[in-house]
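> no sequence on this one, just coordinates:
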Ligand SMILES: [Ca+2]
Ligand SMILES: [Ca+2]
């Protein structure tokens with residue numbers, strides 16, 4: 001419990017300092033921040049890039065609020081910067097049990113080889129230790145019509161080594177250039193990758209993320225902190 005409280009306190013400190021300074025997460029080496037994700041900047045990426053284009057719905061849970069006034073833009077386009085020592089603040093907090101649905105304009109996610117979409121949250125590795133990842137997990141569902149949904153099973157217990165199979169919010173965003181790296185390569189970008197084949201689906205047009213309340217409330221940044229959703233296989 002002490003460790004969990006310590007991590008929550010650390011996360012609040014990171015968010016608080018970043019909010020005060022208006023810059024990337026405190027403690028982050030700004031030189032490592034990904035391109036195109038500075039809070040407050042006009043988008044520097046083409047709208048043709050395969051990232052979320054709309055927020056279809058948002059049902060915040062208790063303890064939401066952080067960056068909610070910046071919807072929808074805050075979760076559209078490429079992820080904000082990354083850093084292993086303290087996650088991006090280019091995110092919106094879902095709150096406990098909050099749910100958000102994203103659309104992709106005229107693009108559809110298709111089942112191509114390997115992963116088809118990547119969800120970027122802001123997990124980080126306190127002290128650089130991947131086995132102790134600070135992870136507020138989310139469950140990911142997809143739909144082709146926005147009515148019928150299928151859900152990737154999320155192993156919230158994890159393997160004890162910092163891996164949470166089928167969950168979003170577990171893998172930090174890694175250093176990369178979101179403009180140059182198309183199609184997305186999750187091995188280089190980080191984030192949590194999902195394969196439509198795991199659900200027996202060939203295509204989808206909407207992604208839903210549901211906070212699973214895996215950590216204790218954290219002020220207005222409670223729960224899953226959504227940064228971006230990118231597509232690997234698109235039509
Ligand atoms: Ca696939
Ligand atoms: Ca959070």
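Nice, thanks for sending it over. Quick caveat: nothing in here was measured; it's all calculated off a predicted structure. Ligands and ions are numbered 1, 2, ... in the order given.
> For the chain, which residues score under the pLDDT cut-off?
By pLDDT under 70, the low-scoring segments of the chain are 1-47, 81-86, 175-182.
> ok, which stretches of it are strands?
54-59, 92-93, 99-103, 109-110, 117-120, 138-143, 150-151, 192-194, 203-204, 206-211, 225-226, 228-231 (DSSP state E).
> Give the other helices and strands that the third one contacts.
In this structure, strand 99-103 makes packing contacts with strand 54-59, strand 206-211, judged by 3 or more C-beta pairs under 8 Å, 6 or more residues apart in numbering; DSSP states H and E. C-beta: built from backbone N, CA, C; applies to glycine.
> Of all those, which one comes closest to residue 112?
Within the helices and strands packed on strand 99-103, the stretch nearest residue 112 is strand 206-211; the backing value is 16.1 Å (C-beta to C-beta).
> Listing partners with orientation, what would you give for that closest one?
Strands that pair with strand 206-211, judged by DSSP bridges, come out as strand 99-103 (antiparallel), strand 138-143 (antiparallel).
> buried set for stretch 101-113?
101, 102, 103, 104, 107, 108, 109, 110, 111, 112 (16 or more other C-beta atoms under 10 Å).
> From one end of it to the other, what's the distance?
25 Å (C-alpha to C-alpha, to the nearest Å).
> Then stretch 187-199?
21 Å.
> Which positions in that stretch come out as buried?
189, 190, 191, 192, 193, 194, 195, 196, 199.
> Grab the nearest non-local neighbour of the fifth one.
Right, residue 193. Nearest residue to residue 193 in three dimensions, chain neighbours excluded: residue 115, at 3.5 Å (C-beta to C-beta, 6 or more residues apart in numbering).
> Check the second one too.
Taking C-beta to C-beta, 6+ apart, and ignoring the residues beside it in sequence, residue 190 has residue 174 as its nearest neighbour in space, at 3.5 Å.
> how close does the one you found sit to residue 168?
Distance from residue 174 to residue 168, counting by C-beta to C-beta, to the nearest Å: 16 Å.
> Just want to know which of the two has more residues nearby.
More neighbours surround residue 168 than the other of residue 174 and residue 168, with 32 against 17 (other C-beta atoms under 10 Å).
> quick revisit: in contact with the residue nearest to residue 193, which residues are there?
Counting by C-beta atoms under 8 Å, 6 or more residues apart in numbering, residue 115 touches 186, 193, 194, 195, 232.
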